[in-house]
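In: got a sequence here, can you model it:
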Amino acid sequence: MKIMVYEVRPDEQADLEQQAALHGVELAVTDAVPTLENAALAAGCAGVSILGQGRIDAALLDAFYAQGVRYLSTRTIGYDHIDLDHARSIGLRVCNARYDPNGVADFTVMLILMCLRHYKQALWRGQVNDFSLAGLQGREMKDLTIGIIGTGRIGAQVARNLSGFGCRLVAYDLRQNPALEGMVTYVDFDTLLARSDVITLHMPLLDSNRHLINRETIAKMRDGVVIINCSRGEMADIEALIEGIETGKIGALGMDTVEGDEGIIHADHRVDILPNRNWFYLHQFRNVIMTQHMAFYTDAAVASMVSCGIGGICAMAAGDPCPTELTPPAV
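Out: This is a model prediction of the structure:
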């Protein structure tokens, strides 16, 4: 079996070679983002593996199907870039990836601490030999209430990490996680917004939670709230975030992903002129930390993502159970 692998990064190469040998498959690789213009690269391939920089819409799925592709994997946990309904309708099976939650959970705690201790401003000053303290007084987590929105695998690990800091933990989720009993207090959404000094997002992006953080929800938060997003950028309305920073309602942002970051993250744009004004305007504030969607990016996570990307296609093609399949066939 042959698999076309798009968006390949250099750090994935060794793991891809290992997976190809393990499963006895042939891999064709490119660093290109999948588009209608390069869909023909998948000709003769039973499977296609992607990352998340391109929109895998109905037209592109049809183009892949016409090339003989019957299986698609995304080497990401998120899958909102794929039209799953259309994939199901044409019989193209899709799976996503899994990796342990520790990397993202650790990164979340790091962003919380950096925001609370004004580290972006401290770093900038140090680079020009300004070692003054004015404006850098921080807060200690033991004195704060931290709200966790979403308590699945990653949100639960964030709670475990934070439990050692002595802060008060409140959480909101449609389903309470029994593993967190005694560690967090579940409250309704509005109560979490009103009580929390820090709010961190850990949910998959769905139509129901797109722009969950908006002008109305921000108005319900404490003055000076810190908002952390290591989930999906579209969960927060970027214009509402800008207004919150400008007015001082939001005290700091720690954002590993921000609405509109497609085409910006994971690339070098030092000599480019990019048109996304909101993204770059938000980026320049002294109390806004924006990283390049790298919370997931550890050696263990990359190995797991590649394993799921190739192994998932092989499992679906062989008729074996694929625990990450998003389009299971009707029983």
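In: which stretches of the stretch 1-150 of the chain form strands?
Out: 2-5, 26-29, 47-50, 71-74, 93-95, 145-149 (DSSP state E, counting those that start in this stretch).
In: apologies, that question was intended for the stretch 151-300 of the chain.
Out: 168-172, 185-186, 198-201, 225-229, 250-255, 288-290.
In: how about those, which one is nearest Thr30?
Out: Closest approach to Thr30 among the strands of the stretch 151-300 of the chain (CB to CB): strand 288-290, 28.3 Å. The way it works is simple: take the backbone N, C-alpha and C, and place the C-beta from them, glycine included.
In: dihedrals phi and psi, Cys322?
Out: phi -120, psi 100 (degrees, to the nearest 10).
In: go on, Thr327?
Out: Torsion angles, degrees, to the nearest 10, at Thr327: phi -130, psi 60.
In: would you tell me which helix is longest in this structure?
Out: With secondary structure taken from DSSP state H, the chain has its longest helix at helix 299-318.
In: which parts of that helix are buried?
Out: 301-317 (16 or more other CB atoms under 10 Å).
In: stretch 279-289 too?
Out: Neighbour count says stretch 279-289 has 279, 282, 285, 287-289 buried, by 16+ other CB under 10 Å.
In: least confident pick among those?
Out: On pLDDT alone, Trp279 ranks lowest of the buried residues of stretch 279-289, at 94.
In: surely that residue and Ile265 touch.
Out: No. Taking contacts as CB atoms under 8 Å, Trp279 lies outside contact range of Ile265: 9.8 Å.
In: overlap in contacts, the two.
Out: With CB atoms under 8 Å, 6 or more residues apart in numbering applied, the contact sets of Trp279 and Ile265 do not overlap.
In: burial of Asp272, as a residue count?
Out: 9 (other CB atoms under 10 Å).
In: now do the same for it: its pLDDT.
Out: On the pLDDT scale, Asp272 gets 92.
In: so which of the strands of the stretch 151-300 of the chain is nearest Ile146?
Out: strand 198-201 (4.5 Å).
In: indicate which one of the strands of the stretch 1-150 of the chain is closest to Ala159.
Out: strand 145-149 (5.8 Å).
In: the helices in the chain, which residues?
Out: Under DSSP H, the chain gives helices at 13-23, 58-66, 84-90, 102-116, 119-127, 153-163, 189-195, 215-219, 238-247, 277-283, 299-318.
In: now His118: closest residue in space that isn't a chain neighbour?
Out: Leu136 (4.7 Å; CB to CB, 6 or more residues apart in numbering).
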